[in-house]
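Visitor: Provide a 3D model corresponding to the input given below.
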Amino acid sequence: MATALQLTDEQFDALDRLRFSPSSAEVFRNCLIILRSHAGCSIAQIADFLGCSADTVKRVRRLYRQGGIDALHPRDRPGRPRRASDDVRTQLRQAVRTGPLTLG
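Guide: You can find the predicted model right below:
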């Protein structure tokens, strides 16, 4: 069984501030993983609560142990840069959400 993370008051406050900063959903989730680990929740409980896999919880906990709060930010994704403009991507997103019976 994995041991709970023990945070200092300063670490807890820093995670709480980061969680509510205008960041990304991934950063919010990662902060919750660490905060719930500190509260003594098991990996399975955290994964179930957040709707992610146990491997994700383990990975985030490992990243936090190795790199601290900065490791909770997403890394750049590998691959080539996007070619489609934001406008094209917005139109594509709307087309995908449109039901096939309304396209006629």
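Visitor: so residue 49 touches residue 33, yeah?
Guide: No. Residue 49 is not in contact with residue 33 according to Cβ atoms under 8 Å; the separation is 9.5 Å. C-betas here are computed from N, CA, C, even on glycine.
Visitor: please say which of those two ends up with more neighbours.
Guide: residue 33 (28 against 13; other Cβ atoms under 10 Å).
Visitor: give me the element the more buried one is part of.
Guide: helix 25-38 (DSSP states H and E).
Visitor: helix 25-38 and the following helix or strand past that helix, what's the angle between them?
Guide: For helix 25-38, the following helix or strand on the C-terminal side (DSSP H and E) is helix 43-50. Counting by axes from the mean of the first three to the mean of the last three Cα atoms, to 10 degrees, helix 43-50 points 140 degrees away from the direction of helix 25-38.
Visitor: which outside residues touch helix 43-50?
Guide: 2, 29, 32-33, 36-37, 41, 53-54, 56-58, 61 (Cβ atoms under 8 Å, 6 or more residues apart in numbering).
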